[in-house]
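Participant: coords below, sequence missing:
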């Protein structure tokens, strides 16, 4: 019985030391070749890129956003461009004075060289009467009317204008005989009567004849110098000519 216990103890010791029941030691065979096999240097390397992107720890400065100023677009009418319009109200040298304001309505689109509409039809042209005067003699065919454009209003916005304006349909209208005209007739009759008296030696007959002749001369003089008003009908044609380039932002 004691002998069996010794056997069991021996087997336990052998198992604890890594042996096996056959008595083979747990250590490697001392005769085994422990050298590593030689590597084939000619074989291609099987390097593969990593599928996981490597995050760089270096912080790059953020580039400032480029600021580009918006290009301003403007339409330009050259100097000498004509603007066609119509008067909103009539003008008369009998009722209007220098300094009064007038308006006209643009009757046709005004375009630049590229065909773009700069001043659309329906825009309002504002003018000032710089000078106005009736015709005082028969040789004067036009009287005097000077108009100066000041601005044009497009879609509620005002733009300054520099140029001249012409009333294309202005006329002269005879005034009724006034006190000045009668004075001219009276002066002519008086001068004729005085002349008739002198020529006839102071007789009454000569004064009458001279007075009649003088009245005729005075009447002719009154007709020749009769005042005629400058008249521009409402809705008549107005031409504005630019003296400087006109710019409009679009």
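Facilitator: Sure thing, it's come through. From a predicted model like this one, the values you see are computed outputs, not experimental measurements.
Participant: what are the ranges of the strands in this protein?
Facilitator: Using DSSP state E, the strands of the chain run over residues 74-77, 82-87, 91-92, 101-106, 110-111, 117-119, 124-133, 144-154, 157-160, 163-167, 171-174, 228-232, 237-242, 246-249.
Participant: Determine the number of other residues adjacent to the spatially closest residue to residue 117 that is not a sequence neighbour.
Facilitator: Nearest residue to residue 117, sequence neighbours excluded (Cβ to Cβ, 6 or more residues apart in numbering): residue 109, at 4.8 Å. Yep, even glycine has a C-beta here, placed from its N, CA and C like the rest. Per other Cβ atoms under 10 Å, the neighbour tally for residue 109 reads 15.
Participant: With residue 126 instead?
Facilitator: With other Cβ under 10 Å as criterion, residue 126 counts 17.
Participant: residues in contact with it?
Facilitator: For residue 126, the contact set (Cβ atoms under 8 Å, 6 or more residues apart in numbering) comprises 101, 102, 103, 149, 150, 151, 152, 153, 161.
Participant: Now do the same contact list for residue 231.
Facilitator: Residues in contact with residue 231, defined by Cβ under 8 Å, 6+ apart, are 90, 91, 92, 93, 170, 171, 172, 173.
Participant: what's the most distant pair in the residues you listed?
Facilitator: Maximum pairwise distance among the contacts of residue 231 (Cβ to Cβ): 14.1 Å, between 90 and 172.
Participant: Those two: which has the busier surroundings?
Facilitator: Between residue 90 and residue 172, counted using other Cβ under 10 Å, the more crowded position is residue 172 (17 against 14).
Participant: Now the more buried one. Nearest residue, chain neighbours left out?
Facilitator: Per Cβ to Cβ, 6+ apart, closest to residue 172 is residue 228, 4.1 Å.
Participant: so the one you found makes contact with residue 176?
Facilitator: No. Assessed by Cβ atoms under 8 Å, residue 228 is found out of contact with residue 176, at 11.2 Å.
Participant: Neighbour count for those two, which is higher?
Facilitator: residue 228 (20 against 7).
Participant: What subset of the contacts of residue 126 is buried?
Facilitator: 102, 149, 150, 152, 161 (16 or more other Cβ atoms under 10 Å).
Participant: quick one: which of those residues is nearest residue 121?
Facilitator: Nearest to residue 121 among the buried ones among the contacts of residue 126, with distances taken as Cβ to Cβ, is residue 152, at 11.9 Å.
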